[in-house]
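> 3D model of this:
(chains A and B)
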Amino acid sequence: MKILIVGAGQVGMSVMEDLIDNHEISMVDKNASSLDRIPFEVDVTAGNGLEEEVLQSAGIEEAEIVLSTTSEDHTNVLIGSMAKLLTDCFTIARVSDPSFANIWDTREGAFGIDAMIDRSNLTAKQITELLWFQSTRQESINEELYCQRKVKMSEFRLESDSELIGKTVQQCEKYPEINIVGVFRDSNFSLVSMDTTFEEGDRITVFGPPQKVDNFGISIASKEMKPVQDTFDILGGGDIGYQTALLLEDTPLSIRIFEKDPDRAQFLSEHLSQAMVLQADITERSVWEEENIPQSDILLVCTDDDATNALVTLIGQEYETTRLVSLVHEYQYLSLFESLDITRVVHPREVVASSITNYIQDSYIGNLTELEHESGEVFEIKIDAESQVLDKTINELEKSFDQPFAVGAMLRQNHSIIPTADTSIKLGDRLVILTTGEAEDMIEKL
Amino acid sequence: MRKQVDILCVLSLFGAILKWLSVPLSVPFIYSLFGRENPLVFLIPIGASLIVGFLLERLDTNPKLGLRETFLLVSLTWLGVTLVGGLPYLLAGAGTVALPINALFESMSGFTTTGATVMASISFDTHSPEIMLWRQITQWLGGMGIIVLGIAILPRLSVGGSELIEAEAPGTQFDRITPRIVETARILWLLYVILTITLGILLYGSHLIGLSPEMDLYNAVAHALTTMPTGGFSPEAESIAAFSSTVQWIIIPFMFIAGVNYALTWRAFTGNPRKLYRDTEFLFYSFILLFTAGIIFVMTLGNTFEQPQDAIRHSLFQVLTVVTTAGYASHDFNTWNSMAKTLLFMMMFIGGCAGSTGGGIKVFRWIVTIKTFFKQLFTTIYPRAVQSIRVGKNIIKNKTARRVTIMIMLYIFTFLVGALIIEIESYRIGLELDTLEIMSASAACIGNIGPGFGIVGPMNNYLAFSPLSKTVMVFLMWAGRLELFTLFVIFIPKYWRN
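Numbers count the residues shown, from 1 in each chain, chains lettered A, B, ... in the order given. Okay, the predicted model is just below:
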């Protein structure tokens, strides 16, 4: 596949390095000198990515994917829109300002962008997964995202006190937004039927929107696992700190967010209803003493400036804080931060780059994932105009194959839906299918 | 160079509004052609409003309304309309309202929907039904707002629309139902008319089926016209106490609706009743009413009222009438015990919801003030904390919160100064009054409520006060209706300078 990357910064380079072995890559950057470091397999073009001639000479005509990842949000969005005007490629744009992503999330295909990679939101999700979910959620054994991250598959183990035990699949109506597809029991994997009864030690495979699947994981967690009521201090109220607080709004965590700028603090207090906002300079030791920051259970250092982050991290170390996570924006300081004895270092650019790479790899039709116990395969398929199953119902689909399989979830017009037996398949749907038979055979027939 | 207040523009627009006063004046005029009042009593004010209106309108052929001018225009309109609207009382020459100061008081009390009266005898023996009808029409016009009505019908005013409406009832953001201000004003008036007609039909219907013998057609119209604006001018000397309990039960829900934000009522009626219980102000308003009525029920049961159903009805009615600032009376609450009276007095400072026809401080402002209070306590413990005040989903900016608390302080201050002047004046003319009477008179005027306690109680009147006291009261009613800032701003010397 041919991929055009505009912007040879850290994210662009790192995506290029991840994909270069399997794809044909072409890169554009304004700055000719930053293209010098690129290996010779990559076509390089120096010039402004907003100019049509530059995009043409970089081979936009043949590109299947156009990724714009310059340092400017506006430029990235504009390049995406322009690429869409020139060809019918798949466009990916990276943004840091959440307002673009907010518009894009609510309106399908806004700005002509097919996928918008929101730096602060992704990083915030990464942080919350590190800090919060791991401690309360019934940890899934295996999980995978499909359909542009809108469908999630997770495998959970049912512990002895889970409320699902003794119930049949039919009795799980409490969770209409998720789909329980398979059970792994006694080293045997099988697809469930309506009257399958759950037993202790079962490993169940679940499909649904990521948030719903995670919530399901929380609700079937064993009752002994109490939700943590930790105190969590966010030091720095930039976009990442704000998004992190926002994602944790409805959790029992007691959150404080420290911000130096009074106007930003006011903004935060207006947009966060649970977290307590404090206007203070966290590089001042008096603030640490008076607000008891060292006693906090978890600390997140996330200002926009690496020097400040380093200083604050060092202050935190001196107070011997229990769990401290710090952000580092510049790759060159990553090793420096990692040499400090702290819980975790999060590098937003790395998060973004790996997310883009995953995205591109996932967007092949028929992306195959093998279940951990190697007894089934999951794949994603897009229904085009030539498909034989177009306009058939799920029920008819199931009858037309002699191997056992189940449609875990489907994506229609950017919304994930759980299909029922009489849902009919429409043009443009993306189906996520789990089969215990030969996946390749199915893909060919579909 | 910044320009001074454009007086010609203000006068011209005022003229445009004033000439339309002839339309409501022609209602009692037509009635008088078949009735007992001399038609000239209404014909002269009709002529005056038309001539003066047309002449003033000529002063500026192309008026351009700025922010500064809106304050003067709104204040002047209310005063000017009151002056012309008081002419019929003078010309009719009957009873105590024939004196100029009393006519002014009665007219201002009408337009501001206060409902305080200086009529010594409220009966058709002294006053003609036509004059009484005019008295009720003034309240009905003032209820939804003269300026709002002006915007609804006069395209010239729609330019400065939202500023004008906010100046007429400032403090809270004007709630637009539709993007166009003219349409919003029309919808508000339409809803107001629908509610008034519904109430009139219900009242007259109860008469026709024999549940309320005294509620004839005239009374049904009169009470519909004075309930929806939370006015309180009843053509009966005994107010609603003159009617059966059925009438009182009919009026209770309509007073309640009159005290709710009309924009909210409109939204609830046109398909989304859920808006009601999601609205913090509405919930708080309902809670205050039920809670206080409950307390008064307990306080009065067994002493003032023997029957629980009487106690329920009267406590509910009386709390509603005071909180929504309607100023009716279903019972002479002067005969109630002092606990219940003190509680009613406190209720005088609540007022209806923002955007209702009720006067007073308004429930919304109290919510903001209470939240500001807790925010202040919180930041005392955590000096670095930054908190935002939320009412429902809305975030109240610090600037708005400050304005709200300052308005309440100014309100209390004006009320106290008003009470002090009335006290001194009453002492000067040898009128002996106790503190609660004086306080309630001042509170009832600034809150546009009407009756207070003792000498100014629901079965009495404001006649005994000196002309200076009455002037102060007129000012209190005027300032209270415009929620202080709009009127006070034109008394600042800087307002008039460049």
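> give me the mean pLDDT for the helix or strand B:L33 falls within.
The secondary structure element spanning B:L33 is helix B:22-34 (assigned by DSSP states H and E). Across helix B:22-34, the average pLDDT comes to 91.
> same check, this time on stretch A:42-59
In this model, stretch A:42-59 carries a mean pLDDT of 85.
> buried ones in that stretch?
Within stretch A:42-59, the residues that qualify as buried are A:V42, A:D43, A:V44, A:T45, A:A46, A:G47, A:G49, A:L50, A:V54, A:L55, A:A58, counting by 16 or more other Cβ atoms under 10 Å in any protein chain shown. All C-beta atoms are positioned from the backbone trio N, CA, C, and that covers glycine.
> ok, so of the residues you listed, who is nearest B:A220?
Lowest distance from B:A220 to the buried residues of stretch A:42-59 (Cβ to Cβ) belongs to A:L50, with 72.9 Å.
> wait, what's in contact with that closest one?
Contacts here follow Cβ atoms under 8 Å, 6 or more residues apart in numbering or on different chains; on that basis A:L50 touches A:T75, A:L78, A:I79, A:M82.
> that one and chain B, how far apart?
Noted for A:L50: a distance of 36 Å to chain B, by Cβ to the nearest Cβ, to the nearest Å.
> so that residue: helix, strand or coil?
Look at A:L50: counting by DSSP: H, G, I helix; E, B strand; the rest coil, its state is coil.
> kindly report the same for the one 4 residues further on.
Taken by three-state DSSP, the conformation at A:V54 corresponds to helix.
> could you find the closest non-adjacent residue to it?
Leaving aside its chain neighbours, A:V54 sits nearest to A:G47 (3.7 Å; criterion: Cβ to Cβ, 6 or more residues apart in numbering or on different chains).
> I'd say that neighbour and A:L35 touch.
No - A:G47 lies out of contact with A:L35 (Cβ atoms under 8 Å); the separation is 10.2 Å.
> show me which positions of the helix holding B:L33 end up buried.
Counting neighbours by 16+ other Cβ under 10 Å, one finds that the buried residues in helix B:22-34 are B:S22, B:P24, B:L25, B:P28, B:F29, B:Y31, B:S32.
> how many residues are close by residue 315?
Picked chain A for this. Here the neighbour count serves as a burial measure; for A:I315 (other Cβ atoms under 10 Å in any protein chain shown) it reads 20.
> think we crossed wires, I meant chain B
Count around B:S315 with other Cβ under 10 Å applied: 29.
> that older thread, which residues does the helix holding B:L33 contact?
Contacts of helix B:22-34 from elsewhere in the structure, counted by Cβ under 8 Å, 6+ apart, are B:37-39, B:41-43, B:45-46, B:49-50, B:53, B:85, B:88, B:128-131, B:133-134, B:137, B:141.
> any idea how far it is from the chain center?
24 Å (Cα atoms, centre = their mean, to the nearest Å).
> got the contact list for the residue nearest the centre of chain B?
The structure's chain B has its C-alpha centroid closest to B:T113; by Cα atoms, centre = their mean the separation is 3.4 Å. Contacts of B:T113 were listed using Cβ under 8 Å, 6+ apart, and they are B:Q139, B:G142, B:G143, B:P229, B:T230, B:G231, B:G232, B:T325, B:T357, B:G359, B:N448, B:R481.
> tell me which of these fall in helices.
B:Q139, B:G142, B:G143, B:R481 (DSSP state H).
> and the strands in chain B, which stretches?
Residue ranges of the strands in chain B, as given by DSSP state E, are B:385-386, B:389-391, B:394-396.
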